[in-house]
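J.: Kindly generate the corresponding structure for this input.
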Amino acid sequence: MQVMRDQRGIDDAVPLSQGGVETDLQAGANHRYELLWMILIGLAFALIIQSLAANLGVSTGRRLSELCKAEYPILVKYCLWLLADVAVIAADIPEGMFYLDIVIGTAFALNILFHIPVWAGVLSAGCSTLLLLGLQRYGVRKLELLISMLLFIMAACFFGEMSYVKPPASDVLMGVFVPKLSGQGATGDAIALLGALIMP
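T.: As a prediction, the model looks like this:
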């Protein structure tokens, strides 16, 4: 079986982004467990899309873009190309500004937690990015291993926090299975949650 890889690399392997984590935290702070149903719906959509993409790649050996190019008339191809470019531009403009915020935010977080000067935090954030880029030279598997270890650390911290907080199970189950939008900004936060899950 041939493994299909996206040209963007490991970006699609883990649908976890800083914006998604921030959106989840903000929605949880504003609405507690009320919007968990939106995360469940978003994850279901994401799993369906990933499953369809994997089935397409395994059964045909080609990507969706390659199949569209081969099957559609020229006018439809150009319309799809234009829509894809507009979507990429719309997604990359906020992301570019967001990555600058991540570097500065990392510097301030290191300053608050470890009293490291802000300029040294900016340098360490930049060096970590260069380290990850340099690690690609030794193969994708080593980069995947590092990212997997970081994800396991995040998961361990999450479950540690969950055991410390001990959220009430009845409220969590109501939030997961009973759709409800109440309170100021609930609709906007629900849309943000869905976008943070689907966009990556």
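J.: what stretches of the protein score poorly on pLDDT?
T.: Within the chain, the stretches with pLDDT under 70 are 1-19, 91-100, 199-200.
J.: now the helices for it?
T.: Under the criterion DSSP state H, the chain carries helices at the ranges 18-31, 36-60, 64-71, 74-114, 118-135, 140-165, 169-177, 186-198.
J.: Highest mean neighbour count out of the ones you listed?
T.: Mean neighbour count, computed with mean count of other C-beta atoms under 10 Å, is highest for helix 186-198 among those, reaching a mean of 18. Every residue, glycine included, has its C-beta placed from N, CA and C.
J.: quick one, it and helix 36-60 angle?
T.: 30 degrees (axes from the mean of the first three to the mean of the last three C-alpha atoms, to 10 degrees).
J.: who does helix 186-198 touch, helix- and strand-wise?
T.: helix 18-31, helix 36-60 (3 or more C-beta pairs under 8 Å, 6 or more residues apart in numbering; DSSP states H and E).
J.: Looking at the ones you listed, which is nearest to V178?
T.: helix 36-60 (6.8 Å; C-beta to C-beta).
J.: hmm, who's touching that closest one?
T.: Under the criterion C-beta atoms under 8 Å, 6 or more residues apart in numbering, residues 1, 4, 15, 24, 62-64, 67, 172, 175-180, 190, 193-194, 196-198 lie in contact with helix 36-60.
J.: Equivalent analysis for stretch 102-116, please.
T.: Q18, P117, V118, W119, A120, G121, V122, S124, A125, G126.
J.: if I look at the residue lying closest to S65 once chain neighbours are set aside, how far off is Y78?
T.: Leaving aside its chain neighbours, S65 sits nearest to A84 (7.8 Å; criterion: C-beta to C-beta, 6 or more residues apart in numbering). Relative to Y78, A84 is positioned 11 Å away (C-beta to C-beta, to the nearest Å).
J.: now swap in I147 and tell me
T.: 36 Å.
J.: Report how far apart the opening and closing residues of stretch 162-179 are.
T.: 23 Å (C-alpha to C-alpha, to the nearest Å).
J.: chain center to it: distance?
T.: Relative to the chain's own centre, stretch 162-179 is displaced by 23 Å; criterion: C-alpha atoms, centre = their mean, to the nearest Å.
J.: likewise stretch 157-167?
T.: On C-alpha atoms, centre = their mean, the centre of stretch 157-167 falls 22 Å from that of its chain.
J.: What lies in contact with that stretch?
T.: Here stretch 157-167 has contacts from Y33, using C-beta under 8 Å, 6+ apart.
J.: thinking again about what came up before, could the helices and strands packed on helix 186-198 be laid out in JSON lines, adding distance to P73?
T.: Formatted as JSON lines, the helices and strands packed on helix 186-198 follow (distance: least, C-beta to C-beta, whole Å):
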{"stretch": "helix 18-31", "distance to P73": "37"}
{"stretch": "helix 36-60", "distance to P73": "20"}
